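Student: structure for this input, please:
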Amino acid sequence: MHRQCLVFLSPCSAVSGVVTCSRVSRGSRYNNLTYDYEGLTQSTPRDLEIPGTTGNKGFDVAFSISSFDHDGLGRYGDPINPYGDIEAMRIARCLLKPGSLLFLTIPVGPDAVVWNLHRRYGAVRLPHMLYGWEVVDVVGWSWAKLSAAADWRRSYEPVFVLRVPDSSTNGHMEL
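Tutor: Purely as a prediction, here's the structure:
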């Protein structure tokens, strides 16, 4: 069975080596790719089709590895937007089929913005990032990291396995 994979890219991620679908169908970022990969179609966020608008039925799985925490900070050519990361999560949910998974890594610790490098998600902003998703699992999770002293040069990034809820659930689940 052919699976449609969506990979949200950032210059520091090596997500193309992680994808094990039959083919990578699309990558999304603000700037053009600097390499070629057969079967990869590159799009900017504005170019992506929202399911139902042009016949796209949505993607089966998506990966965002150290990507969304940069959105809205302008570092990689994206427009300055204090809610760029939260909007990226909403767009990702819209692009996936109900029941599909998003594998997400973002820095976790006391809430902070390391301008214009990345955001770190703690007790305040992390719930906004996960809102509307079913949390299936969190690999490498530690509650202690939400309030532990943090160094902006070191990153703790658990893997959040998130599911797009079907219409029978509200899509929100506590960690």
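Student: which regions of this protein sit below the pLDDT cut-off?
Tutor: 1-2, 10-57, 167-175 (pLDDT under 70).
Student: and the longest helix for it?
Tutor: As assigned by DSSP state H, the longest helix anywhere in the chain is helix 84-95.
Student: contact partners of that one?
Tutor: With contact meaning C-beta atoms under 8 Å, 6 or more residues apart in numbering, helix 84-95 is reached by 6, 8, 45, 48-51, 58-59, 62, 64, 67-73, 78, 81, 102, 106, 119, 128-133, 164. Every residue, glycine included, has its C-beta placed from N, CA and C.
Student: list the buried residues for it?
Tutor: 84, 85, 86, 88, 89, 91, 92, 93, 94, 95 (16 or more other C-beta atoms under 10 Å).
Student: narrow the contacts of helix 84-95 to those that are buried.
Tutor: Buried among those (16+ other C-beta under 10 Å): 6, 8, 45, 48, 58-59, 62, 64, 67-73, 78, 102, 106, 119, 129-130, 132-133, 164.
Student: now the strands: where do they sit in the chain?
Tutor: 5-8, 24-28, 41-43, 59-65, 96-105, 112-114, 118-120, 134-139, 159-163 (DSSP state E).
Student: quick one: the ones you listed as TSV, columns for distance to residue 150 too.
Tutor: Below are the strands of the chain laid out as TSV (distance: least, C-beta to C-beta, whole Å):
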stretch	distance to residue 150
strand 5-8	24
strand 24-28	29
strand 41-43	34
strand 59-65	20
strand 96-105	16
strand 112-114	7
strand 118-120	7
strand 134-139	18
strand 159-163	18
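Student: so which of those strands is nearest residue 146?
Tutor: Nearest of these to residue 146, taken as C-beta to C-beta: strand 118-120 at 10.1 Å.
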